[in-house]
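K.L.:
Mind folding the following:
(chains A and B)
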Amino acid sequence: DAKTTQPPSMDCAEGRAANLPCNHSTISGNEYVYWYRQIHSQGPQYIIHGLKNNETNEMASLIITEDRKSSTLILPHATLRDTAVYYCIVIKQGGSEKLVFGKGTKLTVNP
Amino acid sequence: DTGVSQDPRHKITKRGQNVTFRCDPISEHNRLYWYRQTLGQGPEFLTYFQNEAQLEKSRLLSDRFSAERPKGSFSTLEIQRTEQGDSAMYLCASSSPFMPSSYNEQFFGPGTRLTVL
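P.N.:
Numbers count the residues shown, from 1 in each chain, chains lettered A, B, ... in the order given. As a prediction, the model looks like this:
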């Protein structure tokens, strides 16, 4: 699976959009981009995933660049409860079932 | 609540003792995963079951570690002769057989925090 690179930490003001970047420059055509987050003292939680089109659900939006080498997770109106570590993971379709987590980005939403 | 449950939530043991953790997945989820997480790191994959079959094991799963899922429902993770380096959060996750192959949503439990003194 392709390696991902994320900034170690980011801050965001409550009510503003949080834009979390992820670089996956070695991604291949059959690999999906997944985002999970882990709130303190809890297990990780799935957020969203995509292949090449932008995706949106009730939690977030995922923007994948046209060359697929990077993506951005957008939390449109961040709340204090969005403070968490956010993990960007690349998974090959039909490949191993395991999730390979990096260190992620620690997002702190400030009041 | 029908989420993934883990027992115990916390375990303190002395070096050299054996410990066993239990994971109950979401009902009807046939896939079950174990991960380990140390402070400041992301979770690391340990092993994966589909029904009762253990299909993948990480190199992290030394011979002191054994995982079982005898009836394809709950799973146990045993660590024999614990070492201080085994101190970590042990996370269990499950996923549904009804998702398309491109969909890898794993539902995680709250974890078992192991401290080896």
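K.L.:
counting contacts, what elements does the helix or strand of chain B with the lowest mean pLDDT pack onto?
P.N.:
Across the helices and strands of chain B, mean confidence by mean pLDDT, DSSP states H and E is lowest for strand B:53-57: a mean of 92. Applying 3 or more C-beta pairs under 8 Å, 6 or more residues apart in numbering or on different chains; DSSP states H and E, we find strand B:53-57 packed against strand B:44-50. For the C-beta atoms, the positions are set from N, CA and C on the backbone; glycine is no exception.
K.L.:
just the angle between the strand it packs on and strand B:53-57, please?
P.N.:
Going by axes from the mean of the first three to the mean of the last three C-alpha atoms, to 10 degrees, strand B:44-50 is angled at 160 degrees with respect to strand B:53-57.
K.L.:
residues in contact with strand B:44-50?
P.N.:
Strand B:44-50 has contacts (C-beta atoms under 8 Å, 6 or more residues apart in numbering or on different chains) with A:97-101, B:30-37, B:54-58, B:60-61, B:65, B:67, B:69, B:72, B:75, B:77.
K.L.:
Point out the ones among these that are inside strands.
P.N.:
B:31-37, B:54-57, B:65, B:67, B:75, B:77 (DSSP state E).
K.L.:
Please report how far the residue in chain B sticking out farthest from the centre lies from residue A:94.
P.N.:
In chain B, the greatest distance from the average C-alpha position (C-alpha atoms, centre = their mean) is reached by residue B:100, at 23.6 Å. According to C-beta to C-beta, to the nearest Å, residue B:100 and residue A:94 sit 11 Å apart.
K.L.:
cool, and residue A:24?
P.N.:
Applying C-beta to C-beta to residue A:24 and residue A:94 gives a distance of 18 Å.
K.L.:
circling back to that earlier point, which residues do residue B:100 and residue A:94 both contact?
P.N.:
Joint contacts of residue B:100 and residue A:94 (C-beta under 8 Å, 6+ apart) do not exist.
K.L.:
Just the buried residues of stretch A:51-65, please?
P.N.:
Within stretch A:51-65, the residues scored as buried using 16 or more other C-beta atoms under 10 Å in any protein chain shown are A:55, A:60, A:61, A:62, A:63, A:64.
K.L.:
what does stretch B:45-52 give?
P.N.:
Per 16+ other C-beta under 10 Å, stretch B:45-52 contains these buried residues: B:45, B:46, B:47, B:48, B:49, B:50.
K.L.:
Alpha carbons of that stretch, as CSV, please.
P.N.:
In CSV, the C-alpha atoms belonging to stretch B:45-52 read as follows (Å, rounded to 0.1, in the frame of the first residue of the first chain):
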residue,chain,number,x,y,z
PHE,B,45,-2.2,-4.5,12.8
LEU,B,46,-1.8,-7.7,14.6
THR,B,47,-4.2,-10.3,13.1
TYR,B,48,-7.4,-10.8,11.1
PHE,B,49,-10.1,-13.4,11.2
GLN,B,50,-12.8,-14.2,8.7
ASN,B,51,-15.3,-16.2,10.6
GLU,B,52,-13.2,-18.7,12.6
